[in-house]
Each structure stands twice: as structure tokens, then as C-alpha cells.
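1. Only the shape, not the letters, is given here:
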């Protein structure tokens with residue numbers, strides 16, 4: 001893209017394409033010697049020489065990078081009323097590339113066009129940076145620029161030196177409960193989870209390497225530990241059918257207490273993604289830059305195609321198209337009812353009491369015991385139904401599962417189930433939920449007293 005930018009715009013004297021930490025200083029040294037002719041530095045293009053110079057050299061050891069200062073940025077931020085009202089956010093970096101993309105490239109992702117190879121800073125470097133930055137900006141939210149969190153960084157204690165308010169990370173969604181507990185203990189209070197879908201078929205088509213119920217599980221653990229989740233639900237996915245999206249509609253009423261997706265998003269064709277590099281594999285034809293580019297840049301088609309990052313293709317019949325309005329409606333109901341919805345359990349003397357407000361904010365208190373309680377406990381993480389047969393005979397197990405499904409305490413995909421009931425703990429339910437529950441229980445008690453007096 002850098003070469004095409006240099007060709008298309010005569011306002012650029014030089015363009016550095018790719019990682020710039022090595023190429024840019026070389027260019028500056030070259031210009032400092034007043035050598036304005038072509039330097040032929042890999043990744044650098046100039047108006048004087050538009051020959052292809054190859055990819056820019058990538059940084060091998062991230063520990064060699066200079067420490068970044070944000071003092072001037074923070075000072076200017078504090079002097080701007082609008083910026084100040086939004087709060088100070090400090091970016092930092094622990095890694096580059098994608099350890100998952102090295103194995104399986106998600107079909108829509110073009111974020112690592114120049115270098116997919118995963119590289120990260122040492123634990124010592126991360127500790128030093130975060131200690132200094134969080135002491136300098138104790139009230140800021142810190143946002144990692146990493147494409148994906150390396151769980152080894154989480155488990156190694158590299159983030160222990162952070163003393164600030166909170167951290168934001170992009171995280172692969174197949175998390176264990178212990179991983180989410182670690183996120184909370186390291187003050188990672190908001191994450192972008194790579195969920196994308198609640199259908200295993202859709203996730204396989206996207207090459208995400210997880211399942212629909214595992215994604216539900218991740219949302220549940222994050223809610224239990226009080227971690228905010230950002231995610232979107234993708235549609236128009238190649239090689240999927242109506243049933244794959246209708247199944248997600250069926251799941252949603254059980255999930256109203258969990259973080260809903262921000263929006264329904266059409267799958268986008270980004271440069272460097274498999275969708276872009278191998279369009280025939282996905283039945284895509286005639287890729288062209290997204291129409292918005294024509295309104296922004298007055299350039300001929302070949303230049304537009306060279307600088308564009310977002311693309312569209314010829315429309316093809318989508319067998320799932322008729323389900324998207326239904327999916328959108330279900331998503332909007334989830335968003336509307338989320339704030340008033342809770343679902344948690346308390347164990348008392350061998351009986352589990354489930355408190356549920358997902359039905360339009362109406363609080364229900366349901367007693368779960370015996371085999372149903374055993375199944376609910378066994379399915380705190382995703383399990384195959386066959387594992388429940390150790391608890392009782394198949395007919396009785398099926399009855400217990402059906403009852404839990406009817407109450408929407410479980411969700412099911414194929415032969416697998418997972419509980420969506422969150423055990424009450426340190427972080428969930430919150431004080432507002434407990435206040436609502438106390439009001440409900442007080443009203444329930446008053447109603448029972450009235451009925452007794454009227455007998």
C-alpha cells in the first residue's frame with residue numbers, strides 16, 4: 001500500500017510502509033546527510049524513485065524499542081474539555097503479531113499484513129514499562145495495542161507491577177475460568193473478546209478455533225468476575241445456512257444477563273485477510289474498493305485499488321439472509337433487557353436457589369435440587385451430555401436436562417450443554433442487583449403475610 005500512496009499523492013515526499021522503527025531512522029540519517037535521492041531502504045518509497053524496495057525490516061526484539069513518553073499528550077489532553085470529559089487513555093504494547101494467526105488465520109482478519117509472526121517483550125521489560133506508566137498516570141485506563149493477549153504474560157506475573165486503574169486487552173475467547181480470574185486480579189477490567197458468533201458452524205467457517213458454547217462460557221466467566229466485554233455478532237459468513245443463525249436466536253433469551261454484542265456486523269473483506277488473498281476459496285468474485293473511497297479520493301481506479309484496505313465483492317445469494325432481521329430483533333431485545341437482568345445461584349444446605357430476573361425484569365426464585373442440581377453443577381463448563389449419565393439413568397438425566405433447558409438455566413448445542421447460571425461470589429451479583437432482590441423478597445413476604453391474615 002505504501003508504494004501506491006507514494007504514486008498517488010505528490011504531497012508525500014517519502015512513505016514508510018510496514019514497521020517503521022528500523023526504516024524511518026535510516027531514512028532520517030540519509031536525509032540528514034542531505035542525500036535527497038533514493039535511499040533504496042526496504043519499505044521506503046519516494047517521489048523521486050517509485051521502484052519497489054521490498055518489505056520494511058521488522059523489529060526482532062521488542063525489548064530494543066525505546067520507551068514511550070506520554071507526558072505532552074497527557075498535558076494537552078488535560079487542557080481539552082471534551083477530551084478530559086472522556087477520561088485519559090494510555091496505549092501500551094506487550095506484543096506484535098498473532099500467535100493464533102500463525103496456526104489458523106481467521107478468514108476476515110487483515111491486521112498483520114506485514115508480519116504475522118508473534119513477538120513479545122520480556123517479562124522484565126513489561127514490568128518496568130507498566131510500573132513507570134501507571135505511577136505517572138494513576139487515573140488513566142491503559143489500553144494494550146496487542147492484537148491478542150499472550151496468556152503466558154498473564155500467568156507469568158509480568159503485569160503485576162501495574163498499579164493503575166484498569167487495563168483493556170483484546171483476548172481470544174476460549175478462556176478458562178481460572179484465566180478470567182487472572183484477568184481480574186491483574187486489573188484487566190475490560191476486554192474485546194473475539195467471539196464473532198454463538199454458532200460452532202459459523203465459528204468453523206471463520207477459522208476461530210472454538211465453539212459456540214465455549215463463547216457463552218467466556219461471557220459467563222467475565223460476568224462472574226465483573227469484567228466488561230466488547231464484541232460484535234457477524235453475519236454474511238460464507239458456507240453457512242439459515243439454521244446456523246436461527247439457532248443463535250434461540251439461545252439469546254437465556255443470555256440476557258450476559259454482555260450483549262454491540263451490533264450485528266456484515267463480514268468485511270480486508271486487505272491481507274484470507275478473504276482478500278483467496279477470494280475464490282470463499283466464492284467471492286470481482287473484488288473492488290469499498291464505495292466510500294470514491295467519495296474521499298479523486299483517483300483513478302488502479303490507484304484506489306492500490307491504497308484501499310476495505311473491499312466489496314459481487315453479491316451472491318445468501319441462504320441465511322432472511323434470518324438477519326430476526327437476529328437483529330433478538331439482539332435488540334437482549335440489549336434492552338440486559339441492564340435489568342440477572343441470573344445467579346446460592347447454595348444452602350444441599351439446595352440451590354436460583355434468582356432470575358431475565359423475563360422483563362420480573363424476579364423469580366427457583367429451587368433446584370437432586371439430579372437437576374447435580375447436572376447444573378456438572379455443566380458449569382461445557383460438557384458432553386453423555387458425561388451426565390454417570391449421575392443417573394439416561395431417562396432421568398434427560399428429564400433433568402429438559403427441565404433446566406425449559407427454565408433457560410442451560411443452553412445446548414448438539415450433544416453439548418453449559419450452565420448459564422452464575423454462582424454468587426465476590427464480584428457478582430452487584431449491589432444494585434441485591435437491592436432489587438431485597439425489594440422483591442420484601443414484597444413477596446408482605447404478600448404471603450396478607451394471604452395468611454386473610455385465611
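-> Perfect, I can see it now. Since we're looking at a predicted model, the values are computed, not measured. Numbers count the residues shown, from 1 in each chain.

2. Look up phi and psi at the closest residue to residue 379 other than its chain neighbours.
-> Ranked by C-beta to C-beta, 6 or more residues apart in numbering and with sequence neighbours excluded, the top spatial neighbour of residue 379 is residue 419, at 4.5 Å. Bear in mind the C-beta positions are built from the backbone N, C-alpha and C, glycine included. Main-chain torsions, residue 419, degrees, to the nearest 10: phi -70, psi 140.

3. In contact with residue 281, which residues?
-> Applying C-beta atoms under 8 Å, 6 or more residues apart in numbering, one finds that residue 281 lies in contact with residue 274.

4. picking up where we left off before, ok, now which ones touch the residue nearest to residue 379?
-> 220, 376, 379-380, 404, 409-410.

5. In strands only, show me the residues you listed.
-> Secondary structure from DSSP state E places residue 410 of these in strands.

6. and which of the contacts of residue 419 is nearest to residue 33?
-> Within the contacts of residue 419, proximity to residue 33 (C-beta to C-beta) peaks at residue 220, which comes in at 60.5 Å.

7. and that closest one, what pLDDT?
-> In this prediction, residue 220 carries a pLDDT score of 97.

8. burial of it, as a residue count?
-> Other residues near residue 220 come to 26 when the count uses other C-beta atoms under 10 Å.

9. who touches it in this structure?
-> For residue 220, the set of contacting residues under the criterion of C-beta under 8 Å, 6+ apart consists of 258, 418-420, 422.

10. do the same with residue 215
-> If a contact means C-beta under 8 Å, 6+ apart, then residue 215 has 173, 193, 195, 197-198, 203 as its contacts.

11. Swap in 6 Å and give it another go.
-> In this structure, residue 215 makes contact with 173, 195, 198, judged by C-beta atoms under 6 Å, 6 or more residues apart in numbering.

12. Next, work out how far apart it and residue 204 are.
-> 13 Å (C-beta to C-beta, to the nearest Å).

13. Equivalent analysis for residue 89, please.
-> Distance from residue 89 to residue 204, counting by C-beta to C-beta: 35 Å.

14. wait, doesn't residue 351 sit right on residue 369?
-> Yes - under the criterion of C-beta atoms under 6 Å, residue 351 is in contact with residue 369, at a separation of 4.9 Å.

15. Tell me how the protein divides into domains.
-> 2-46, 62-337, 343-441 (automatic domain parsing).

16. export the ones you listed to a markdown table and tack on distance to residue 52?
-> Shown next, in a markdown table, are the domains of the chain (distance: least, C-beta to C-beta, whole Å):
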| stretch | distance to residue 52 |
| --- | --- |
| domain 2-46 | 6 |
| domain 62-337 | 12 |
| domain 343-441 | 49 |
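
17. Quick one: closest of these to residue 455.
-> From these, taking C-beta to C-beta, the stretch that ends up closest is domain 343-441, at 21.5 Å.

18. Out of the contacts of residue 215, which is nearest to residue 323?
-> Each of the contacts of residue 215 was checked against residue 323 using C-beta to C-beta; the closest is residue 198, at 13.3 Å.

19. Near that closest one, how many other residues are there?
-> For residue 198, the number of neighbouring residues by other C-beta under 10 Å comes to 26.

20. Check residue 302 too.
-> Residue 302 is surrounded by 10 other residues when neighbours are defined as other C-beta under 10 Å.

21. Provide a list of residues in contact with it.
-> For residue 302, counting by C-beta under 6 Å, 6+ apart, there are no contacting residues.

22. tell me which residues in the helix or strand it falls within are buried?
-> Counting by DSSP states H and E, the element that carries residue 302 is helix 301-307. Buried residues in helix 301-307, counted by 16 or more other C-beta atoms under 10 Å: 303-307.

23. And stretch 354-365, by the same measure?
-> So stretch 354-365, judged by 16+ other C-beta under 10 Å, has buried residues 354-358, 363.

24. Tabulate the contacts of residue 215 (a markdown table), appending secondary structure, pLDDT and distance to residue 122.
-> Conversion of those to a markdown table gives the following (DSSP: H, G, I helix; E, B strand; the rest coil; pLDDT from 0 to 100; distance: C-beta to C-beta, whole Å):
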| residue | secondary structure | pLDDT | distance to residue 122 |
| --- | --- | --- | --- |
| 173 | coil | 94 | 27 |
| 195 | coil | 96 | 31 |
| 198 | coil | 98 | 37 |
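
25. can you list those in CSV and add distance to residue 152?
-> Conversion of these to CSV gives the following (distance: C-beta to C-beta, whole Å):
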residue, distance to residue 152
173, 18
195, 22
198, 28
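
26. nearest to residue 293, of those residues?
-> Here the nearest of the contacts of residue 215 to residue 293, counting by C-beta to C-beta, is residue 195; it sits at 29.4 Å.

27. follow-up on the earlier one: quick one: which of the buried residues of stretch 354-365 is nearest to residue 241?
-> Ranked by distance to residue 241 (C-beta to C-beta), those are led by residue 358 at 28.4 Å.

28. Remind me which helix or strand residue 353 belongs to.
-> Element membership for residue 353 (DSSP H and E) is strand 351-359.

29. Quick one: list the elements packing against that strand.
-> When contacts are defined as 3 or more C-beta pairs under 6 Å, 6 or more residues apart in numbering; DSSP states H and E, strand 351-359 sits against strand 343-348, strand 362-368.

30. Tell me what angle that strand forms with strand 343-348.
-> Per axes from the mean of the first three to the mean of the last three C-alpha atoms, to 10 degrees, the angle that strand 351-359 makes with strand 343-348 is 160 degrees.

31. how close does the residue nearest to residue 313 when sequence neighbours are not counted sit to residue 291?
-> Nearest residue to residue 313 in three dimensions, chain neighbours excluded: residue 284, at 4.1 Å (C-beta to C-beta, 6+ apart). Counting by C-beta to C-beta, the gap from residue 284 to residue 291 is 17 Å.

32. Which of these two has more residues huddled nearby?
-> Taking other C-beta under 10 Å, residue 284 and residue 291 do not tie; residue 284 has more neighbours (18 against 9).

33. Residue 261 against residue 231, yeah?
-> Yes - with contact taken as C-beta under 6 Å, residue 261 and residue 231 are classed as touching, separated by 5.3 Å.

34. just to revisit the earlier point, okay, the residue nearest to residue 379 and residue 380: tell me how far apart.
-> The gap separating residue 419 from residue 380 is 5 Å, by C-beta to C-beta.

35. try residue 263
-> Taking C-beta to C-beta as the criterion, residue 263 is separated from residue 380 by 30 Å.
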